[in-house]
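Novice: give me the fold of what follows.
(2 chains)
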Amino acid sequence: MKPTSIEELQSFICSHPRLLPHGNKSKTALLASEGVTQLDLSGLSGMIQYTPSEFTFTAWAGTEVDEIECILNENGQFLPFDPLLVKHGATLGGTVASGLSGSGRYRFGGLRDFVLGVQYIDGNGRLVRAGGKVVKNAAGFDIPKMMVGSLGGLGALLELSFKVFPRPPAYSTVVSNFSSMPAALESLHLLAITPLDLFCLDLEPQSGGTVKLMVRIGGFPNSFSERIQRLKSYLGDGESIEGNEETELWHQIREFSWLPGDCALVKIPLTPNRVGKLDAILSEWNTKRRYTVGANLAWIGWQGPIEVLGQHLMELGLSGLVVIGPPGHPRLGVRVAESFSRRIKQALDPLGRWLEV
Amino acid sequence: MDQASFLSVLAKLYPPGRLLIKPAQLAPFESDALTSYQVRPLAVVIPETQEEVIETVRLCHLHEIPFVARGSGTSLSGASLPIAGGIVIALNRLNRILRLDPQQRLAVVECGVINLDVSRAAAAYDLYFAPDPSSQLICTIGGNLAFNSGGAHCLKYGMTSNHVLGLKVVLPEGEVINLGGESLESVGPDLVGLYVGSEGLFGIVLEVTLRLLPKPEKFCTVLAAYGTLEAAGKAVSMVVASGLLPGAIEIMDNLAIQAAEAAVHAGYPLDAAGLLIVELDGEADVVEKEFTALMEVIEESESYEIRVANDEADRQRIWKGRKSAFSAVGRLSPDYIVQDGVVPRSRLGEALGEIQKLSAAYGIRVANVFHAGDGNLHPLILFDGREPGAYERAERLAGEILRMCIGFGGSITGEHGIGIEKKNYLPVMFNEADIETMRSIRLHIDPKEISNRGKMFL
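Specialist: Take a look at the predicted model:
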């Protein structure tokens, strides 16, 4: 079912006891397995309100992020949380519900920091609005933030408002090679507390045990030569990449074209001091992986049994989310605040209409 | 259980010096910074440990006694106004910085830690805590969190919520839970995001894990004076449209300039109808290039006087003037209401014009201080409480300003919260289903509605 109006959507919701919304299905592991009605929200699509001078916009949740980015780009603006899988058809609603931000979230914050308002249909079929459309708003509970990462379990997202930022006129990236993970982490720690304005700070382990540290900067290009020199002095050495090659590098990172085709894409939030233990396990399994956002987030291409990864994460006290892979059980490892989550679920969906994946 | 029996239960937990019950002891707690509302609580308790807070909440739940958590009492929306027959849990003594981890750029602090003390402690590592409400010298992290406090630098760095990674809280039923963690990322619904800004309706935060940022290497603070407030507003649109992202963009009108200047001698141009403060911050090489671009914009605007802070002391003076503006307005009027509304940035000029019209129609002076970059207005409505009906008229004017904000597609609060002050306006901004949803969340977390009862909802 692909509703194209709010009324159609409400009536569909009210006549189905168990539902899971989806957009363009770019994140396969988050779809419903058999026995649950899928609710296709991609029919409610398009920009609703965008005044470039406001640096905010409101769009239907089914809108492709690619479309949003094109419109923003024409006006010298961007989504600073660096949305993922954009060229795979990711929708705005799917991006919010899955709670995914890219490497660029390092500079100004994640998706949660840019979502301003939401309209959604709750389990009772009611249209509910929360938050607002202005950049600052403290009226009522911050339900828009709660929808980030909710995986469709709290309602069907309909309309979303975001703030955006001016797009940096140019970017440059410095790549530096390190002989080992501890050596790369040492440099990452050093960079994290410098006053340098870094847009991305990623670690990319290589097959031979070496690690690439990738640092992206943005701004007026006439500031780059001094800044790159300074960066290199912190890193000891490094190669700087500019222009199309640089754009393509980060494009591939956010589209995950660096992963083998037959693996499951898994998101693992962590902190830099927990990289070592996880990396040892992943290295043993020969897993393609990347530590982004100053090593606050690991993206891995897991080729072994998912249960095994879940067990490892549990032992390490980490949680994970399978984003691409077989649908059904995307949440791995430890879960925090389950009792609190249950209270919220009961409050927003007393009939249990929305499937919790 | 009657009140006397409940007090005897509390007396087993607290020594007499930390259980206040005498009228003279309770008087300082009868109101917060929204002084027009006063309620005498049954008692005030002053816990020194998290265990005492947890035990107090459990007792309140068991005996169905409402409680209000209070930090330094700086709320401008009456957030920590006591509840008649309830107790105040004063949290200032839970002021320990439990951990400071420069490598991971985080601090774990108790709820009663003063906002600025986090940055003071982090300064040893050249880090700081970005949210900077004007009351940051005295306000506590717990209060910042409950009301998702803002400040002058939200434009670039976001509100308190953007800087909170994890929480340890005691829910109103006495359950202690952890939300979030230490990573910038998480899996599952963003419950930290929901908790922050919940106005004390979801229990009490005991410990907070805060994100720290590297201290900006360089600041460039520019003051520009304008002959009209509209011209200053237009300059804001020009700066925003230029593609620059300043750390702060503030405007003060003439009344606010006069008051702040008299109070702290910030060096503001006294004849300006509108004063713009723009601050760039960040890496030195970046700020230098941005400064050139900013000056081109400011020079193109209608400013008749431009001044750039020469050094850090000069910059601090400029900010001291801005951050003292609310209290400085006390020099102009015996009483005033601090309003907090938001309009879309492109409608700032229109909104200011409307406020001036309303001010003239009511015959009430309104001083304006605002976070212009965010469209966040702080009209200060001046009145003399000794005149019969003056407060009511000032409140009516404040209400009209809020309705105007809603009409422009904005919000009734940018950073002060709903509290007791704006309960009547929440139903103007949101419809029944929206509010019922919020109430339902509240009731599932606090079925007896004992935590900060009477706030946010009618």
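Novice: can you pull the domain assignment for the chain?
Specialist: If you meant another chain, say so; for now it's chain A. Domain assignment for chain A by automatic domain parsing gives A:6-166, A:170-333.
Novice: could you do chain B instead?
Specialist: B:3-90, B:97-214, B:218-327.
Novice: next helix or strand past the lowest-mean-pLDDT helix or strand in chain B?
Specialist: When the helices and strands of chain B are scored by mean pLDDT, DSSP states H and E, helix B:325-328 comes last with a mean of 86. Using DSSP states H and E, the helix or strand that follows helix B:325-328 in sequence is strand B:335-338.
Novice: remind me what that next one packs against, helices and strands.
Specialist: Packing partners of strand B:335-338 (3 or more CB pairs under 8 Å, 6 or more residues apart in numbering or on different chains; DSSP states H and E): strand B:376-383, helix B:390-407. The way it works is simple: take the backbone N, C-alpha and C, and place the C-beta from them, glycine included.
Novice: tell me the mean pLDDT for that strand?
Specialist: Strand B:335-338 shows a mean pLDDT of 92.
Novice: just stretch A:268-284 next, same as before
Specialist: On average, stretch A:268-284 scores 97.
Novice: what about stretch B:193-201 and chain A, touching?
Specialist: Yes. For stretch B:193-201, a contact with chain A is found by CB under 8 Å from any CB of the partner chain, at B:G193, B:L194, B:V196, B:G197, B:S198.
Novice: which other residues reach that stretch?
Specialist: A:112, A:138, A:141-143, A:145-146, A:148, A:344, B:68-69, B:79-80, B:145-148, B:160-161, B:164, B:167, B:169, B:179, B:202, B:205, B:417-419, B:441-442, B:445-446, B:451-452, B:455-456 (CB atoms under 8 Å, 6 or more residues apart in numbering or on different chains).
Novice: just the ones of the residues you listed in strands?
Specialist: The strands, defined by DSSP state E, take in B:V68, B:A69, B:V164, B:L167, B:V169, B:L179, B:V205 from those.
Novice: tabulate the residues you listed (JSON lines), appending pLDDT.
Specialist: Listed next are the ones in strands among the contacts of stretch B:193-201 as JSON lines, based on pLDDT from 0 to 100:
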{"residue": "B:V68", "pLDDT": "98"}
{"residue": "B:A69", "pLDDT": "98"}
{"residue": "B:V164", "pLDDT": "98"}
{"residue": "B:L167", "pLDDT": "98"}
{"residue": "B:V169", "pLDDT": "98"}
{"residue": "B:L179", "pLDDT": "97"}
{"residue": "B:V205", "pLDDT": "98"}
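Novice: quick check, nearest of those to A:S319?
Specialist: If you rank the ones in strands among the contacts of stretch B:193-201 by distance to A:S319 using CB to CB, B:L179 comes first, at 13.1 Å.
Novice: re the thing from before, among the residues of stretch B:193-201 next to chain A, who's most crowded?
Specialist: Neighbour counts for those peak at B:V196, which has 30 neighbours (criterion: other CB atoms under 10 Å in any protein chain shown).
Novice: how much space between the closest residue in space to B:Y125 that isn't next to it in sequence and B:G282?
Specialist: Closest residue to B:Y125 apart from its sequence neighbours, by CB to CB, 6 or more residues apart in numbering or on different chains: B:P102 at 3.8 Å. Distance, B:P102 to B:G282, using CB to CB, to the nearest Å: 19 Å.
Novice: higher neighbour count, these two?
Specialist: Neighbour totals were compared for B:P102 and B:G282, and B:G282 leads with 23 against 17 (other CB under 10 Å).
Novice: bridging residues for the more buried one?
Specialist: B:K218 (DSSP bridges).
Novice: before we move on, what SS does the nearest residue to A:N296 once chain neighbours are set aside have?
Specialist: By the measure of CB to CB, 6+ apart, the closest residue to A:N296 outside its immediate chain neighbours is B:L184, 4.1 Å from it. Here B:L184 is recorded as coil under DSSP: H, G, I helix; E, B strand; the rest coil.
Novice: most centrally placed residue in chain A?
Specialist: A:L100 (1.5 Å; CA atoms, centre = their mean).
Novice: what count of nearby residues applies to the closest residue to that one other than its chain neighbours?
Specialist: With sequence-adjacent residues excluded and distances taken as CB to CB, 6+ apart, A:L100 is closest to A:L84, at 4.8 Å. When counting by other CB under 10 Å, one arrives at 26 neighbours for A:L84.
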